[in-house]
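# just a sequence and a predicted model for now, questions to come.
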Amino acid sequence: MIRVKDISQKNDRTLSILWTDNKVQNLDVVKLRLKCPCAGCIDEWTHKPILKPEQIPESVRPVSIESVGSYAMKIAFNDGHSTGIYTYQMLRSLN
Ligand SMILES: [Zn+2]
């Protein structure tokens, strides 16, 4: 199973993830916030996004990242949103 080896802030808006298969993935933090998979951002039944891009300021940034088991990470953002659990599988499918 592919896991995260390292995470670093590449620049102000880009989070860089190094995976255990040595693939480097650069993620735009604003897009990451928009892709939040929690029940407050995605409708659990229809799987349609509830969150509107215009609700998210360009200044949104992750403030903390913690691992959840060996399959996901929980990202807290500076807009006060911290319920998003991003599975590695989902992260790998971005970009
Ligand atoms: Zn959310």
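Cool, got the structure.
# over to the spatially most central residue of the chain: give its phi and psi.
Centre of the chain computed as the mean C-alpha position; nearest residue by C-alpha atoms, centre = their mean is residue 32, 4.3 Å away. The phi/psi pair for residue 32 (degrees, to the nearest 10) reads phi -60, psi -40.
# please report phi then psi for residue 30.
Phi and psi for residue 30, reported as degrees, to the nearest 10, are phi -70, psi -40.
# what number of residues are in the vicinity of it?
Burial of residue 30 is recorded as 17 neighbouring residues (other C-beta atoms under 10 Å). Placement of C-beta: from N, CA and C, glycine included.
# so it sits against residue 55, correct?
No. With contact defined as C-beta atoms under 8 Å, residue 30 does not reach residue 55; the gap is 11.6 Å.
# where exactly do the strands run in the protein?
With DSSP state E applied, the chain shows strands at 4-11, 14-19, 24-28, 62-68, 72-77, 84-87, listed in chain order.
# residues from the chain in reach of the ion?
Counting by C-beta under 5 Å from the ion, the residues of the chain close to the ion are 36, 38, 40, 41, 84.
# and the closest residue to residue 6 other than its chain neighbours, how far from residue 9?
Nearest residue to residue 6, sequence neighbours excluded (C-beta to C-beta, 6 or more residues apart in numbering): residue 18, at 4.2 Å. Distance from residue 18 to residue 9, counting by C-beta to C-beta, to the nearest Å: 13 Å.
# count of neighbours near the residue nearest to residue 6?
Around residue 18 there are 14 residues (other C-beta under 10 Å).
# what residues are bridge-paired with it?
For residue 18, the residues forming beta bridges with it (DSSP bridges) are residue 6, residue 24.
# just checking, it touches residue 10?
No. Under the contact definition of C-beta under 8 Å, residue 18 does not touch residue 10, with a separation of 10.8 Å.
# since that was my last question, I'll sign off now.
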